[in-house]
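S.K.: Dropping the sequence and predicted coords here.
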Amino acid sequence: MDIKGTARLDRKTKNLIGRLKPGDIAVIHHEDLDEVAGKALAAARVRAVINAGCFISGKYPNLGPQALVEAGVLLVDEVGRELPEKVQEGEELRITREGDIYAGSTWIARGNVLSREEVRRKMAETREKLGIILDSFVQNTLEYAQKERGLVLGEVQIPQVDTRFRGRHTLIVVRGKNYREDLKAIKVYIEEVRPVLVGVDGGADALAEFGYKPDLIIGDMDSVSDRALKCGAEIVVHAYPDGRAPGFNRIGQLGLQGKVFPATGTSEDIAMLLAYEMGAELIVAVGTHSNMIDFLEKGRKGMASTFLVRLKVGSILVDAKGVSRLYSQKFRFRHLAQMVGAALVPLAFVVWLAPSTRYLLRLAYLHVKILLGL
């Protein structure tokens, strides 16, 4: 059966997510769709995703396509780079079972339809090559660690910020895998300890999503909303080592002030480094990238800066990734029965020991016997 829906397109998948409505057809150009993007598209309940690039190239086992096919979303890829130029935002599209794409009655492209079995097969093939990928990843990490060691040797100029970190806990939030589950899991911690709240780019929106206002926003400003930037948080723009900071132009256009932090590495790395150098007592990380697959999904061939920064801040760093899984056991009926039973034991003793209560219970017992003719 053909699939029909309204076209929504953007060259950056993360910019597209907020515009999607249930039943839409997302048109993207996203080689090796990552898990975060895949889950976000699935959560938007799109009917199909058309990819100008390849969903699974075989470079590494990316989990985005799997998240989509498991949600029942039709996948069509390798339709060609020119497709976004042939499709208009809001246009009605039709996709056939063979992968032909029509705008109205006009044929515009043809791609490969990926079934659930095809996705599983490609993923299995990619996992078989994981050893080779790991060798290359480790080699790149060590090579760049030599070049970026200045991050932890005091060769990087840390900006002086107004936010007070010294002697306080700091929560650094990246809008990465399982950030929602982890924020829910540490909700009590946030409300009781009241740590410094740092949003790394879109992590500021993640905090706002849960009703929290970030104290500081840090990053290259490419994935944080205008609304989050205008919330009153202090802003630190991640710049290239030579001082160029494209994100600073956006800050100026919004009429906001900010500081610049020139450094190699990722924005979450320099967020941890900033908190550490400013005297944070404990750093709690949510949604951060911490393994090879995370970094390959971000298009990085190594994790030198992350490796170095974690060596430096490791004594005060707690990674909240996966905390939700630790406390996500299903609640069973027997648990409720056990709690009720435990609560009734002391209540029964109180009732039995009170003379007036025993008298009332005996009267009720005799009344029942009379009614039943016993």
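M.R.: Right, received. Where do you want to start?
S.K.: What is the three-state secondary structure of the residue minimising distance to the centre of the chain?
M.R.: Residue closest to the mean C-alpha point of the chain, counted by C-alpha atoms, centre = their mean, is residue 176 at 2.7 Å. For residue 176, the secondary structure call by DSSP: H, G, I helix; E, B strand; the rest coil comes out as coil.
S.K.: Touching, it and residue 266? I think so.
M.R.: No. If you go by C-beta atoms under 8 Å, residue 176 and residue 266 don't touch, sitting 10.9 Å apart. For glycine as for every other residue, the C-beta is placed from the backbone atoms N, C-alpha and C.
S.K.: residue ranges with poor pLDDT in the stretch 201-350 of the chain?
M.R.: Along the stretch 201-350 of the chain, segments meeting pLDDT under 70 span 289-304, 321-350.
S.K.: hey, where'd the strands end up in it?
M.R.: Per DSSP state E, counting those that start in this stretch, the stretch 201-350 of the chain carries strands over the ranges 216-219, 234-239, 259-262, 282-286, 317-319.
S.K.: deepest of those, which one?
M.R.: strand 216-219 (a mean of 28; mean count of other C-beta atoms under 10 Å).
S.K.: Now tell me what touches that strand from outside.
M.R.: 161, 163, 196-201, 203-204, 224, 228-229, 233-238, 247, 261, 267, 270-271, 274 (C-beta atoms under 8 Å, 6 or more residues apart in numbering).
S.K.: One more pass at 7 Å, please.
M.R.: 161, 163, 198-201, 204, 224, 228-229, 233-236, 238, 267, 270-271, 274 (C-beta atoms under 7 Å, 6 or more residues apart in numbering).
S.K.: How about stretch 9-19?
M.R.: 8, 26-30, 37, 40, 44, 84, 87, 89, 223.
S.K.: And the strands in the stretch 51-200 of the chain?
M.R.: 74-77, 92-95, 100-103, 106-110, 112-114, 169-174, 196-200.
S.K.: ok, the closest residue to residue 262 other than its chain neighbours to residue 245 distance?
M.R.: Sequence neighbours aside, residue 239 is the residue nearest to residue 262 in space, at 4.3 Å (criterion: C-beta to C-beta, 6 or more residues apart in numbering). Noted for residue 239: a distance of 4 Å to residue 245, by C-beta to C-beta, to the nearest Å.
S.K.: what touches both of the two?
M.R.: residue 260.
S.K.: partner residues bridging residue 107?
M.R.: residue 102 (DSSP bridges).
S.K.: Can you verify my assumption that it contacts residue 99?
M.R.: No. With contact defined as C-beta atoms under 7 Å, residue 107 and residue 99 do not form a contacting pair (11.5 Å).
S.K.: Looking at the two, which is more packed in?
M.R.: residue 99 (19 against 12; other C-beta atoms under 10 Å).
S.K.: thought that one was touching residue 76?
M.R.: Yes. Residue 99 is within contact range of residue 76, at 5.3 Å (criterion: C-beta under 7 Å).
S.K.: what residues are shared contacts of the two?
M.R.: The contact lists of residue 99 and residue 76 share 111-113, where a contact means C-beta under 7 Å, 6+ apart.
S.K.: What residue spans form the domains of this protein?
M.R.: The chain breaks down by automatic domain parsing into domains covering 3-125, 148-326, 333-372.
S.K.: Mind putting those domains into TSV with distance to residue 139?
M.R.: What follows is the domains of the chain, written out as TSV (distance: least, C-beta to C-beta, whole Å):
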stretch	distance to residue 139
domain 3-125	15
domain 148-326	8
domain 333-372	50
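S.K.: For residue 138, find the nearest of those.
M.R.: domain 148-326 (7.8 Å; C-beta to C-beta).
S.K.: Quick one: distance of the closest one to the chain centre.
M.R.: On the basis of C-alpha atoms, centre = their mean, to the nearest Å, domain 148-326 sits 13 Å off its chain's mean C-alpha point.
S.K.: quick one on the thing from earlier: what about the residue nearest to the centre of the chain, distance to residue 6?
M.R.: 29 Å.
S.K.: Equivalent analysis for residue 284, please.
M.R.: 41 Å.
S.K.: Thanks a lot, catch you later.
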